[in-house]
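Asker: Got a predicted model here, sequence first, then my questions.
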Amino acid sequence: MAIDPKLAEDLKSQGVHVTSFESLINWGRASSLWPLQFGLACCAIEMIAATMAKYDMARFGAEVFRPSPRQADLMIVAGTVTKKMAPQVVRLYNQMAEPKYVIAMGACAISGGPFKDGYNVLKGIDRFIPVDVSIPGCPPRPEALLHGLITLREQIAKEKLLGRTRARHADPNAGAELPVPTFGPHDLEPTFNPDLWNPPAITRHASES
Amino acid sequence: MISNPFMAPATNPAAPELDEDQLLHVSLGPQHPSTHGVFRMNVVLDGETVVSLKPVFGYLHRNHEKIAEAVTYLSSMPFTDRLDYICPLTNNWAYARAVEQLAGIEVPERAEFIRVITAELTRLINHTAFVGFFLGDMGAWGSALMYAFREREKILDLFEDLTGARMMSNFMRFGGCRNDLPAGWAARASELVNGFPRFLDELENLIIGNEVLLARTQNVGALPKEALINGGITGPMLRAAGVAYDIRKAEPYGIYERFEFRVPLGETGDCYDRLMIRFLELRESLAILRQALAQLPDGPYINPKSKVRNFKPPVGEAYARIEGPKGELGFHLISDGSVNPFRYRIRPPSFINLTLIEDMCLGLDLADVVVILGSVDIVLGEVDR
Amino acid sequence: MMPDLAAILSRVQTALPAAALALRRNPGPAGQDSLLVAPADLVAVCRFLRDTPELAFDLLSNVTGVDWPDPATADAVAVPAEATAPAACGFLEVVYHLYSTPRRVGPLVLRARTADRAAAVQLPSVVAVYRSAEFQEREIYDLFGVIFTGHPDLRRILMWDEFLDHPLRKDYVAPDDYQYEPTPHDAVLEKAKLHYPAKAES
Amino acid sequence: MEHSAAIKRLSDPKPQGRWSLPGIGLVKGLLVTATNMLQSYYRKDRMTTVQYPEQRAPISPNFRNFPFLVYDGDDAMAGLRCTACSICEKECPPQCIYIVLDRDENGKSLKRPKVFDIDVSVCMNCGICAEVCPFDSIYMDGEYELSTSDRFGGLLFNKQRLARSTNYHAKLRPLQAAEVATRRKADEDKKLAAQAAKEAKAEAAKEAKAEADKEAKAAEA
């Protein structure tokens, strides 16, 4: 049951704060995201820069980088995910406890980026794990990472805990582990997770190509 | 079969009788807070003592060499930024030098000065960040790295103004640089260089003489000079062992013979010497920067004959190397006369400096492995390419 | 400082009369000429170059693998100084760049070639002389498929162990993962078309 | 060795007794952190934190992130300077530009793009497209707040999304835009002058021809 925002405002002016249980929980979650200390490539340096004095990610409650996935809520995939690394990334994701969120930081993590034509480069981590926010850039500025974090916080604030559209972590039936790809003779097997990755069909006109 | 006297012994002589059931196999990495990225080491421990250490590479193998064979020479330039992503400008320089040798392109004087200035500023970034990460490996996560990154931001502001990007500069061109220094840039750089020694003093005060640091780094990971040379180790790691081999002196490329600077040398080559070498090199880099900024001449910043599009070097090959902040960074290019290189090979210092990692760690404790790996100063983008 | 290759060549030939070496000119402006060494003599030549005090090439800086499907291209890049019979088929080549740290001389470029690209891809390992070749030879084995005989630990280094191909060879075909390519060109376009064939003009 | 005089030995900074007075080194380090902490309250150069998103650190006018297309005039689609020559498409290192040339019914080139897509999820911000463009059409933008949860739709920029006015360019990079504007103006003037000269020449030729005809007629008569 949503609260009338005008009423809430009126009460607030008299020193009474009214909120719903859902927003309170979401507020708590959004305000203390603990990222996994997990740097892959170039973007990791900008991620470190974002936690340092000038940009200070601590202002968003997200400076507690945990070395263990068990203690982390947020996986910032910062850098190129190679095919050799992809099973480990999926395993780390599986090890994280719900609720968990993923930010794909930088071109490589989103789509393979400039290296996407490489034989050992995974064309986007969203082929294997669900990505909540993508930050384009190569590498994105630290401000762009903070902007991505703000976007994620806005998304978390809108999450539903009940009903049919409830978030994944509130759904007791959704908790299955994601399948970890294995190393094949030429490529990963499978090359993507069909439950997660459904790219839109691209239609090009004959005269275009 | 192998008679190389510099090879590691098959087992640790200190503990010849090892019971396989008592050994502990630890996989450090690829996701580990101390491995500087996605490096992995398979360590076998007898109690706390390392009896075998096998590095595993390839978790960041991005196929740069294969991609470069499919694109033009210029298009590889932004990819070199992403090799050693802490110091893109030295990578740019090494690649530009290789192509200039391959095609016989002259570089104007002002461009050489700009290159020296940017390369030495890059060395400042690399060595201060090294100190921060190295301290982090020993458990002092925070202060040193935060101070290093505070100064790094100032240098990055300069780079952003000059090259248009904080990290991925894509700045050098074959025969010069992409653009000239913006107005007032040299004055701002001088100001930064003049203020830098104060920061260095502060950083030295923070850590030098700290008893924990001395105990953890002195007499850890030293190897004889001959073994280091035979193992292909270059850069600060080699000089920490007392070998006077700096490519800026041994094979003065660019205009380095015009500047007065000294080559700092260590005595034993342990982790403490490797740390101190970086501090001394920082001071020498500042000396070079002061001279270069004072002598900066006018003139063109790029050879007017150099081509951007449809650039085809003549048939042949060239190997060019520079003294990167981490060691000898070389590019071996083979041209068959087309717009794409036939073979594009990077000689990455971080990768080859890891050759002897097992020898350095044998017989020491697991905690020392992390310190030794930190002292090698690797960047995974360059190790795996 | 570039080494005097002719002097080194005559010195090696005096000391190791059985060794088969040939001078190869570099046609490009870099002028880095090279010595083509027969695989059987490679280790002996390297040891001689390292241990002779007047030469003292103690640093093997770089080891490059090259795939030459067309032997004519290889001869155009490293031109034979004297007339030699051209190779019958393509081959794999390993190029070594040696430096001398006390004498500040280099690079001395050595090349060694395999017999072909299919079965006879063996070359002797120089790890016994230069430890720095250890990981670089493993890399060349991984990416080109050159088998270094005598290498202490010849395994794949960059790719996973189950991987079968040698990706830096010129005829390598990358796996097909082109399901979503909004901006395809050239080779990528051809592969992407398999996943979403071009529609007729509407 | 030729430069042994230039070599500095490392022994100086190494403390002699290694363990002089236990704890002194630690205290010295703690003094540094204490100074830093105290000074971060009042010294300007130690107060480096930028309160993003309320504040923004000044960004250099040279900063480049993703490309944009410039158009002249008010109509974004009609005024695009791009002629769909595909040079940027070919030079782009990660191949993230996709251009289709617009043609009329007869298949004649209209010298404008029908499709101009940039996949910013691939773009590596190198600026080579802006460097090679001979028509002053593509430049690098400084916009960086582009994070999105729409992976496929939100990161493929079409020409409507990429088009920016000349005013935007002038505001973003005043120096570059001014230089380009003067150059284009000069080119335009030259073109106009050439056109005028051509017309004048044609006129003169026409007149001369008329004169000749007249004379010929007169001679005939």
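Answerer: That came through, no problem.

Asker: What's the biggest helix in the chain, counting residues?
Answerer: As the question left the chain open, I've gone with chain A. helix A:142-157 (DSSP state H).

Asker: my question was about chain D
Answerer: helix D:174-220.

Asker: For burial, what's the neighbour tally of whatever residue of chain A ends up closest to chain B?
Answerer: Evaluated by Cβ to the nearest Cβ, chain A has A:Gly118 as its residue closest to chain B, separated by 3.0 Å. Every residue, glycine included, has its C-beta placed from N, CA and C. A:Gly118 has 22 neighbours, counted by other Cβ atoms under 10 Å in any protein chain shown.

Asker: how much space between D:Ala57 and A:Tyr55?
Answerer: Per Cβ to Cβ, to the nearest Å, D:Ala57 is found 8 Å from A:Tyr55.

Asker: The longest helix anywhere in chain B packs against which elements?
Answerer: Of all the elements of type helix in chain B, the one with the most residues (DSSP H) is helix B:109-137. Counting contacts by 3 or more Cβ pairs under 8 Å, 6 or more residues apart in numbering or on different chains; DSSP states H and E, helix B:109-137 packs against helix B:88-103, helix B:143-163, strand B:176-177, helix B:185-207, helix B:271-295, helix B:366-376.

Asker: Any idea which of those gets closest to B:Leu121?
Answerer: helix B:143-163 (5.4 Å; Cβ to Cβ).

Asker: heading toward the C-terminus, what's the first helix or strand past that closest one?
Answerer: Heading C-terminal from helix B:143-163, the first helix or strand you meet, by DSSP states H and E, is strand B:172-173.

Asker: Is chain D within reach of that following strand?
Answerer: No - taking Cβ under 8 Å from any Cβ of the partner chain as the criterion, strand B:172-173 and chain D are apart, separated by no less than 9.2 Å.

Asker: if I pick residue 42, what's in contact with it?
Answerer: No chain in the question, so chain A it is. Neighbour list for A:Cys42: A:79, A:106, A:138-139, B:82, B:85, B:167-168, B:381 [criterion: Cβ atoms under 8 Å, 6 or more residues apart in numbering or on different chains].

Asker: wrong one, chain C
Answerer: When contacts are counted by Cβ under 8 Å, 6+ apart, C:Leu42 is found next to C:110, C:112, C:123-124, C:126.

Asker: what about D:Phe152, distance to C:Gln179?
Answerer: Taken as Cβ to Cβ, the span from D:Phe152 to C:Gln179 is 12 Å.

Asker: no no, D:Ala202
Answerer: Going from D:Ala202 to C:Gln179 by Cβ to Cβ gives 58 Å.

Asker: The two: which has the busier surroundings?
Answerer: Neighbour count, other Cβ under 10 Å: between D:Ala202 and C:Gln179, C:Gln179 has more, with 18 against 10.

Asker: name the element that one belongs to?
Answerer: Here C:Gln179, judged by DSSP H and E, is contained in no helix and no strand.

Asker: Quick check: closest non-adjacent residue to it.
Answerer: The shortest distance from C:Gln179 to any non-neighbouring residue, by Cβ to Cβ, 6 or more residues apart in numbering or on different chains, is to C:His195 (5.1 Å).

Asker: now that neighbour: how far from chain B?
Answerer: Distance, C:His195 to chain B, by Cβ to the nearest Cβ, to the nearest Å: 20 Å.

Asker: Kindly report the same for C:Glu82.
Answerer: Noted for C:Glu82: a distance of 19 Å to chain B, by Cβ to the nearest Cβ.

Asker: wait, isn't that residue in contact with C:Arg24?
Answerer: No - C:Glu82 is beyond contact range of C:Arg24, at 10.2 Å (criterion: Cβ atoms under 8 Å).

Asker: where in chain D is pLDDT low?
Answerer: Across chain D, residues meeting the criterion (pLDDT under 70) sit at D:1-22, D:221.

Asker: Over to chain A?
Answerer: In the predicted model of chain A, residues A:1-2, A:175, A:203-209 satisfy pLDDT under 70.

Asker: This completes my enquiry, with thanks.
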